[in-house]
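[1] Got a sequence here, can you build the structure:
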Amino acid sequence: MQLKFLNTFKKKFGLKIFSIFAFFTLVISLSFTLFFYQQQSKALADELIDNNLLLAGVLAYNARIGVFAESEELLRNPVDGIFQQKETVEVSIYDLQGRLLTRRTRSDREEGIPQQAVQRAQWIDTGIFNKLKTSAAPFHRERRNSMEFWSPVVASPGHLSAEYLLVDQEPLQGKKRLIGFVGITVGKAALNKKLATLLMKSVLIGLLFLAIGSGIIYFTVKRIVGPLQTLIKGVQALEKGALGEKVPVNTEDEIGQVALAFNQMSESLLVREVEKKELEARLRHSQKMEAIGTLAGGIAHDFNNVLGIIMGNAEMAMLTTPGQVEIQRCFREIFKASIRAKDLVKQILTFSRQDSQERNPLLIKPIVEETLIMMRASLPSTIEIRRNFQRNLAPILSDPTQIHQVLMNLCTNAGHAMQDSGGILEVRLNEVEIAPGDPDLPGEMQPGPYQVLTVSDTGYGMDAGVKERIFDPFFTTKGPGKGTGMGLAVVHGIMKAHGGKITCQSEPGKGTTFEAYFPTTEDEASLSPEGVDSLPLGRERILFVDDEAGLASVGKQLLESLGYSVVAETGSINALEAFRARPDQFDLLITDNTMPQMTGLELIKNIREIRPTLPAILCTGYTEGISEEKVKALGIEEFLMKPLIRENIADVIRRALA
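    From the prediction side, this is the model:
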């Protein structure tokens with residue numbers, strides 16, 4: 001039990017404080033009680049002494065005649081007067097020689113006090129006798145159960161009244177004449193009774209003081225410990241994850257300041273936890289994007305090779321069947337579908353940030369107007385398209401194809417949201433200035449002017465759960481066959497690549513609004529190059545290398561259709577051996593980069609060790625670790641993304657040979 005109390009005492013701060021202050025209160029209470037009892041008991045004893053000394057003086061004065069006459073009859077009345085006091089036990093009167101003249105003792109018949117069978121002396125005590133003869137002042141002496149009060153009986157003509165009894169007496173001299181002595185014995189029973197009562201009162205006062213002090217200490221400690229316990233509960237709640245938990249602030253003193261500091265800390269932890277979750281969400285999203293990018297890069301090369309074979313053969317078929325209209329139409333559809341597949345792969349690569357795009361200053365308004373004209377033909381007539389464009393918009397750094405992709409995807413989603421009930425599709429263009437510290441400025445964006453492309457609809461809207469996932473790859477609310485789930489993911493990737501952002505506001509039944517922020521530029525907008533009516537041809541000899549036999553075959557046919565003489569190889573080692581055999585027979589090298597045994601870059605390096613001035617074009621279906629800038633920095637004339645299209649490669653060849 002004692003050990004349990006000690007453990008509790010160690011753990012309870014309030015119990016420690018209360019015990020310490022209660023101990024000091026107890027000490028103070030005991031000290032006060034003892035001091036009060038001592039003072040009061042002394043006062044009672046002094047009062048008893050003073051009263052009986054006065055009685056002794058009165059008795060001495062009243063007994064003068066009886067003592068002088070040595071008449072016991074004359075002494076009776078003074079003695080009876082003294083016995084009016086209940087404390088008086090015995091009265092004795094002596095003559096000048098110390099012989100007893102009269103003595104009266106309170107009997108049991110009078111006060112129930114037992115008469116002691118003691119042989120009483122007939123003469124006064126020698127010590128008392130000598131002291132009384134030298135002084136006229138009454139005095140007393142203590143006994144175990146009683147007190148004795150003595151006074152000399154004086155006869156003096158200068159003191160005929162009782163006033164002298166109330167003034168200080170001097171030693172007997174002059175005209176004063178000593179004629180006898182009186183003694184009064186007083187019992188201590190009444191005094192002891194009063195002292196016992198006084199002790200009880202003192203103890204009660206001490207206990208009351210202790211109770212009041214303990215109560216004050218208790219409420220004071222409770223006022224201190226109560227908020228501390230509340231803080232402890234708050235800390236325990238924080239440990240359990242109840243971030244943002246607050247405790248009441250009831251005072252403005254130090255305790256209140258501690259509670260206020262705790263609330264601020266709790267709010268700070270809540271903010272940090274929210275930021276932590278946001279960062280974790282961003283990290284998961286980033287990892288998801290990285291995984292999608294890895295997947296996209298893994299399939300892009302092989303898929304582009306397949307598309308290259310399909311597109312190349314479709315183009316060659318259209319060239320070799322000029323008079324067969326139905327066959328021409330079929331091959332055109334195949335070629336158009338392949339272009340769409342190529343654009344889809346390009347969107348995936350753009351989303352994964354593995355497809356570099358050349359950006360030039362351009363005006364976004366003409367591209368938006370052209371795209372809306374195209375959208376009008378594909379949207380139901382129940383959907384009204386509204387335009388609201390700010391005038392004199394600044395150029396942005398971008399690629400027309402990417403602007404087209406952004407607007408097409410946003411308008412397609414808006415049209416799908418309104419295809420059943422119709423509605424209004426509104427497209428707005430305006431400029432805004434985002435200042436440093438603006439809440440609309442994410443960490444990856446720079447402050448400055450932005451051009452905002454807004455696409456809003458009056459469709460069925462989205463709830464919070466759907467809105468949270470709209471930019472995730474392959475997430476779609478459309479039915480099977482109606483969407484790939486890549487549209488908004490591509491838009492998100494394009495906006496990030498531009499150094500901008502895409503935002504969405506939507507509520508179920510209230511439509512959706514997307515805002516795409518493009519940073520503006522001070523450069524002048526470039527004009528679109530003029531188209532040409534015919535493809536440039538040539539007669540040079542070309543070494544064409546691709547590890548896919550189908551691509552090597554169709555590539556050879558495409559180049560030969562442009563007038564070139566072509567040697568096609570399906571391996572980089574074979575191509576290097578063929579070039580070593582006839583190094584002066586070739587005017588241009590066109591090679592794929594991703595090949596077994598030796599990459600296209602290594603092939604170009606080895607061939608240029610034999611003939612340093614040979615022009616080269618590097619082709620690839622996957623851009624990881626390689627870009628047009630890097631290729632040209634290595635001294636390679638041109639860079640082409642697969643699949644190869646006849647009109648594109650015709651222009652690139654002429655630039656490489658120029």
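[2] Okay, helices next: where are they in the stretch 101-250 of the chain?
    In chain order, the stretch 101-250 of the chain shows helices spanning 108-111, 126-134, 189-239, with DSSP state H, counting those that start in this stretch as the criterion.
[3] Just tell me which of those helices ends up closest to residue 657.
    helix 189-239 (72.7 Å; C-beta to C-beta). Backbone N, C-alpha and C define where each C-beta goes, glycine included.
[4] and the next helix or strand after the closest one with helix 189-239, angle?
    Of the helices and strands lying after helix 189-239 in sequence (DSSP states H and E), the nearest is helix 254-320. Between the axes of helix 254-320 and helix 189-239, defined by axes from the mean of the first three to the mean of the last three C-alpha atoms, to 10 degrees, the angle is 10 degrees.
[5] Could you list every helix and strand in contact with helix 254-320?
    Under the contact definition 3 or more C-beta pairs under 8 Å, 6 or more residues apart in numbering; DSSP states H and E, helix 254-320 sits against helix 189-239, helix 325-351, helix 549-561.
[6] worst average pLDDT in the ones you listed?
    Between the helices and strands packed on helix 254-320, the lowest average pLDDT goes to helix 325-351, which shows a mean of 73.
[7] Tell me the strands beside whichever helix or strand comes after it, with direction?
    Later in the chain than helix 325-351, the nearest helix or strand by DSSP H and E is strand 360-362. Partners of strand 360-362 in the sheet, by DSSP bridges, are strand 396-398 (antiparallel).
[8] What are the contacting residues of the partner strand?
    The contact list for strand 396-398 (C-beta atoms under 8 Å, 6 or more residues apart in numbering) reads 359-362, 364, 451, 498, 518-521, 523.
[9] ditto for stretch 53-72
    With C-beta under 8 Å, 6+ apart as the contact definition, stretch 53-72 has outside contacts at 73-75, 77-79, 81-82, 85, 88, 91, 93, 95, 101-102, 138-140, 149-155, 162, 165-166, 179-184.
[10] Pick out whichever of the contacts of strand 396-398 sits closest to residue 264.
    Of all the contacts of strand 396-398, residue 264 sits closest to residue 519, with 37.8 Å by C-beta to C-beta.
[11] so which helix or strand takes in the closest one?
    Counting by DSSP H and E, the element that carries residue 519 is strand 512-519.
[12] Mind giving me the PyMOL select for the contacts of strand 396-398, buried ones only?
    Buried subset of the contacts of strand 396-398, written as a PyMOL selection, criterion 16 or more other C-beta atoms under 10 Å:
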select buried, resi 361+362+364+451+498+518+519+520+521
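[13] Take the contacts of strand 396-398 and lay them out in TSV including pLDDT and distance to residue 534.
    Rendered in TSV, the data for the contacts of strand 396-398 read as follows (pLDDT from 0 to 100; distance: C-beta to C-beta, whole Å):
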residue	pLDDT	distance to residue 534
359	74	29
360	80	26
361	88	30
362	87	27
364	88	32
451	91	38
498	82	35
518	90	36
519	90	39
520	90	38
521	86	35
523	80	33
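[14] In TSV, list the contacts of strand 396-398 along with distance to residue 19.
    As requested, the contacts of strand 396-398 are exported to TSV (distance: C-beta to C-beta, whole Å):
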residue	distance to residue 19
359	78
360	84
361	82
362	83
364	79
451	74
498	72
518	73
519	71
520	75
521	77
523	81
